[in-house]
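Q: When you get a sec, could you give me coordinates for this:
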Amino acid sequence: MLRNHGLLTVASSVADAFLAMYIFEAACMVQVRALAGHRELVPIPDQILAGAKQMNEQVTHGLGGMLAWPGLLRKLERDMPGYDQ
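A: Sure, this is the predicted structure:
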């Protein structure tokens, strides 16, 4: 996060940068909603976080953003034909 400038995402590919930004934005929305409940938050134990990361790698076969990228491009072409011209 850049002070007074917003978010910055860098990755080895556009697909991975998009996925990182998407996940980051979703996590921020969850945190804001959780904080809006005005209750003490319960942190997720590190062991559960590590397990979730491992399951993600297994499910996506390490493809990261490339798993969803072709579908996202098809949706963009459907929604905005000729967007790249």
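
Q: next helix or strand past the host helix or strand of Phe18?
A: Taking DSSP states H and E as the definition, Phe18 sits inside helix 14-35. For helix 14-35, the succeeding helix or strand toward the C-terminus, using DSSP H and E, is helix 46-60.

Q: Flag every buried residue along the next helix or strand after that next one.
A: Later in the chain than helix 46-60, the nearest helix or strand by DSSP H and E is helix 69-79. Judged by neighbour count using 16 or more other Cβ atoms under 10 Å, the buried positions of helix 69-79 are Trp69. Every residue, glycine included, has its C-beta placed from N, CA and C.

Q: The helix holding Phe18 versus helix 69-79: what angle between them?
A: Calculated by axes from the mean of the first three to the mean of the last three Cα atoms, to 10 degrees, helix 14-35 forms an angle of 80 degrees with helix 69-79.
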